[in-house]
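Colleague: build me a model:
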Amino acid sequence: MRIVILGSGRGSNARAMLEAQRAGRLGRARVVHLFSDRPEAGLLALGAEFGVPAVYLDPAPFKTKLEGEGEARYIAAITACTPDLIVLAGFMRVIKPGFLTAFAGKVINLHPSLLPSFPGLDGIGQAWRRGVKITGCTVHYVTPEVDGGPIIDQAAVRVEPGDTLETLTAKVHAAEHALLPAVIARLSGG
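Modeller: Take a look at the predicted model:
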């Protein structure tokens, strides 16, 4: 299974996938390319470290969505990678129907809440402010409805009395780093 990862930030979830791949825990899946919509993203440094092409790809003309010329650039570049699966790992743009049509049934996302609760931006902060006792993370298929696609798997994280927003964030990220590679391994048949 050929995987392309899209991300906008540090790349901690991409790192978890690449480390799982290096350790033989990604099943039959193999990360073949990393793309970022931000030229300064930490995700891009992972390319050299793990021997995977990593490229900044201009998402313009929009700031919060992938549409128009930027969407066309992403579709062309990703198509050239012949992916079996596209993983949105901290990719902070709304994906539009053109992209989803080009890669029908092949796009998954990792979201930092137990969907359908707390979709959209700042899932961990939303859960914290709401005072929930259990939150977590979700891997789901991407549809035009933001964070509304079919759920593949979830991992729960208990909010302990001594937690702060920072400690809860660290716990949710740790759950993400375990869940995403496990889901990829299962999807790959490995």
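Colleague: what residues are up against the residue nearest in space to the middle of the chain?
Modeller: Nearest residue to the geometric centre of the chain (Cα atoms, centre = their mean): residue 89, 1.8 Å. Residues near residue 89 by Cβ atoms under 8 Å, 6 or more residues apart in numbering: 5-7, 11, 13-14, 17, 110, 180. To be clear about C-beta, it is placed using only N, CA and C from the backbone, and glycine gets the same treatment.
Colleague: that one and residue 177, how far apart?
Modeller: Distance, residue 89 to residue 177, by Cβ to Cβ, to the nearest Å: 10 Å.
Colleague: so what sits against both of these two?
Modeller: Taking Cβ under 8 Å, 6+ apart as the criterion, residue 89 and residue 177 both touch residue 13.
Colleague: nearest to residue 53, of the contacts of residue 89?
Modeller: residue 5 (11.0 Å; Cβ to Cβ).
Colleague: pull out the buried positions in the longest helix belonging to the chain.
Modeller: Of all segments of type helix in the chain, defined using DSSP state H, the longest is helix 165-187. Neighbour counts over helix 165-187 (16 or more other Cβ atoms under 10 Å) mark 168, 171-173, 175-177, 179-185, 187 as buried.
Colleague: check stretch 89-100 too.
Modeller: Within stretch 89-100, the residues that count as buried by 16+ other Cβ under 10 Å are 89-91, 93, 95, 99-100.
Colleague: could you dump those residues to CSV with secondary structure, distance to residue 81 and pLDDT?
Modeller: Below are the buried residues of stretch 89-100 laid out as CSV (DSSP: H, G, I helix; E, B strand; the rest coil; distance: Cβ to Cβ, whole Å; pLDDT from 0 to 100):
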residue, secondary structure, distance to residue 81, pLDDT
89, coil, 16, 93
90, coil, 19, 90
91, coil, 15, 93
93, coil, 18, 92
95, strand, 17, 93
99, helix, 14, 96
100, helix, 17, 96
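Colleague: want to throw the residues you listed into JSON lines with distance to residue 117?
Modeller: As requested, the buried residues of stretch 89-100 are exported to JSON lines (distance: Cβ to Cβ, whole Å):
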{"residue": "89", "distance to residue 117": "20"}
{"residue": "90", "distance to residue 117": "19"}
{"residue": "91", "distance to residue 117": "21"}
{"residue": "93", "distance to residue 117": "22"}
{"residue": "95", "distance to residue 117": "21"}
{"residue": "99", "distance to residue 117": "26"}
{"residue": "100", "distance to residue 117": "23"}
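Colleague: need the max-distance pair from these.
Modeller: With Cβ to Cβ as the measure, no two of the buried residues of stretch 89-100 lie farther apart than 90 and 100, at 18.6 Å.
Colleague: next one: stretch 105-116 to chain centre, how far?
Modeller: 8 Å (Cα atoms, centre = their mean, to the nearest Å).
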